[in-house]
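**Q** Sequence plus predicted model, see below.
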Amino acid sequence: MLKSGGLVWLSGRMSGLRRAFLLLSALLLVSPDASAEKIHEVQKGHTLWTIARRYGVSVQAIAERNGLEEKTKIHPGQKLVIPDGTAASDSKPPADAERSPERGKSAWASDKPPPSTQTQKTAAERGVNPCNTPDPGFGMYGRWDRSPSLGQMLAPERGGISRDGRFDVMFHFHGHEPVRKEWVRVMDGAVLVGIDLGIGSGPYSSAFNAPDAFRRLVESVERAMAKRHGRGKARARHVGLSAWSAGYGAVQEILGTAYGREHVDSVVLLDGLHTGYVGEHQLNGQPLGSIVAYAKRAARGQAFMFVSHSSIIPPGYASTTETANYLIWQLGGRAVPTRPRAGDPMGLELISRYSRGGFHVRGYRGNDKMDHCAHIGLFRDVLKVHVKRRWKSPRGRGR
């Protein structure tokens, strides 16, 4: 047994060891990346870009350290040396570059919708079946016109164009008939072009992956409006993009082109922004690059963007909750919890919101098909409160 003096000595000794351990731990926590290079084993779906963002270094630095070209394809099982982030050749990405969701990201931004949001309502409880709403007709608008090079357009029977031949146009992707029902209740002059290309975002992406595909579509609408009004030419003044569900694939591609970035004034994404994962849990932000860039423009007041999300959890890819929160996180913000509002359409229950400049996100409870369809009901208010006031389109009228 130790005598009392020995106990005092041992206590002092342990106290000193504990202080040394805490000091060492603190030093390690201050700079976990600076002590040594790391080895990364490539997994399926990884690229040099996603790996660079994960570790907070540049693609050039990884390529140089491993004797690769920046465009070299890597393969699963390949081991890459990740250079020390403080190396001179490894400059940090620009402040507005994509940031990895794994580095410095709050847990809220990568969480899936919680159990409290996994609710369902019947059509009776909603007062309407959101997937089959009553048809209000066409109002002042004529019937669908197939003059555009893709899809069909809805224009006022008369008017909707200025004296110098200018008009406003919204291109909507996926669900043109349900959207038409909301459009005619509010709009009184702007043109609507509806495009449906099938199930999944792939067909929408493919249709607009050529740099001039969207420009050609806009020009075809301009020719149709010129012919409709007996003019030599007509020009689109304000151009908007809206999409529900899978239609976001077209919006991603269009915003990635120089023409899209220059001409698109407004973007509306209704419960339809998805991406895959890198590995098992990390959201793949690379495909969202054009959307993020536009969100930043909107946040600066240079454009308008509205994004809504349900609480549906899809199998194997990121939910609209995760992608919406990713956009907010890219802006350095955080969604604010809120209470449902009586005025929300078709039984939707608001649970979160975020606004900055011209960028707005609204999150809703609900995880079934009718919840997904109900987001089309938001289009009416977005048009009335934001787009219509922003554009001040030339007035149209019926016969």
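**A** Yes, it's here.

**Q** which strands and helices sit next to the longest strand along the chain?
**A** Ranked by residue count, the top strand of the chain under DSSP state E comes out as strand 235-244. Under the contact definition 3 or more C-beta pairs under 8 Å, 6 or more residues apart in numbering; DSSP states H and E, strand 235-244 sits against strand 166-173, helix 176-186, helix 213-228, helix 248-255, strand 264-270, helix 388-391. To be clear about C-beta, it is placed using only N, CA and C from the backbone, and glycine gets the same treatment.

**Q** Tell me where the model's unsure across the stretch 201-350 of the chain.
**A** Counting by pLDDT under 70, the stretch 201-350 of the chain shows low-confidence ranges at 280.

**Q** and this protein, what are its domains?
**A** Domains of the chain are assigned by automatic domain parsing as 33-93, 107-397.

**Q** before we move on, the earlier item: of the helices and strands packed on strand 235-244, which is nearest Pro345?
**A** Proximity to Pro345, assessed across the helices and strands packed on strand 235-244 by C-beta to C-beta, is greatest for helix 176-186 (9.0 Å).

**Q** Please identify the most buried of the domains of the chain.
**A** Most buried of the domains of the chain, by mean neighbour count (mean count of other C-beta atoms under 10 Å): domain 107-397, with a mean of 19.

**Q** thinking again about what came up before, tabulate the helices and strands packed on strand 235-244 in CSV, adding columns for distance to Arg158.
**A** Putting the helices and strands packed on strand 235-244 into CSV (distance: least, C-beta to C-beta, whole Å) gives the following:
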stretch, distance to Arg158
strand 166-173, 13
helix 176-186, 15
helix 213-228, 10
helix 248-255, 30
strand 264-270, 25
helix 388-391, 19
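
**Q** Those: which one's closest to Ala299?
**A** Evaluated over the helices and strands packed on strand 235-244, closeness to Ala299 peaks at strand 264-270, with 12.4 Å, by C-beta to C-beta.

**Q** which helices and strands does the closest one pack with?
**A** Using 3+ C-beta pairs under 8 Å, 6+ apart, strand 264-270 sits against strand 235-244, helix 248-255, helix 289-299, strand 304-309, helix 378-382, helix 388-391.

**Q** Could you export these to TSV, including columns for distance to Glu322?
**A** Below are the helices and strands packed on strand 264-270 laid out as TSV (distance: least, C-beta to C-beta, whole Å):
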stretch	distance to Glu322
strand 235-244	18
helix 248-255	14
helix 289-299	13
strand 304-309	9
helix 378-382	19
helix 388-391	29
